[in-house]
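Novice: Give me a model of this one.
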Amino acid sequence: MNNGAKLHDVKIQRNQLAHGEISFSKCGRNYTIEDLIKTKDHTIKYLRKILKNINAYLESKKFKS
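Specialist: The predicted structure follows:
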């Protein structure tokens, strides 16, 4: 299922890294390269779906009604 749950996990960990709450080594120690690739692919698919939906909305011009 591609509901953005992985993207939420990425956001949480990114914020923890940015605020110095965890180190890169601590953040990444439980992930294999395969896990990271799957997360990347999942995130890209999810973001493309969002962009496609935004584009469809803008093209339908329903926002002008």
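
Novice: I'd like the mean pLDDT over the top helix by length along the chain, please.
Specialist: Across the chain, the longest stretch assigned as helix under DSSP state H is helix 33-60. Helix 33-60 comes out with an average pLDDT of 92.

Novice: what packs against that helix?
Specialist: In terms of contacts (3 or more C-beta pairs under 8 Å, 6 or more residues apart in numbering; DSSP states H and E), helix 33-60 is packed against helix 5-18. (C-beta placed from N, C-alpha, C; glycine too.)

Novice: Now the helix it packs on: buried residues?
Specialist: 6, 7, 13 (16 or more other C-beta atoms under 10 Å).

Novice: about what we covered before: quick check: buried residues in the longest helix of the chain?
Specialist: In helix 33-60, counting by 16+ other C-beta under 10 Å, buried: 39, 42, 43, 46.

Novice: out of these, who's nearest residue 61?
Specialist: Among the buried residues of helix 33-60, residue 46 lies closest to residue 61 (C-beta to C-beta), at 25.3 Å.

Novice: close enough to count as contact, that closest one and residue 8?
Specialist: No - in this structure residue 46 lies outside contact range of residue 8 using C-beta atoms under 8 Å: 10.1 Å.

Novice: rounded to a whole number, what's the mean pLDDT of stretch 16-29?
Specialist: Averaging pLDDT along stretch 16-29 gives 94.

Novice: Need the contact partners of that stretch.
Specialist: For stretch 16-29, the external contacting residues (C-beta atoms under 8 Å, 6 or more residues apart in numbering) are 13, 15, 36.
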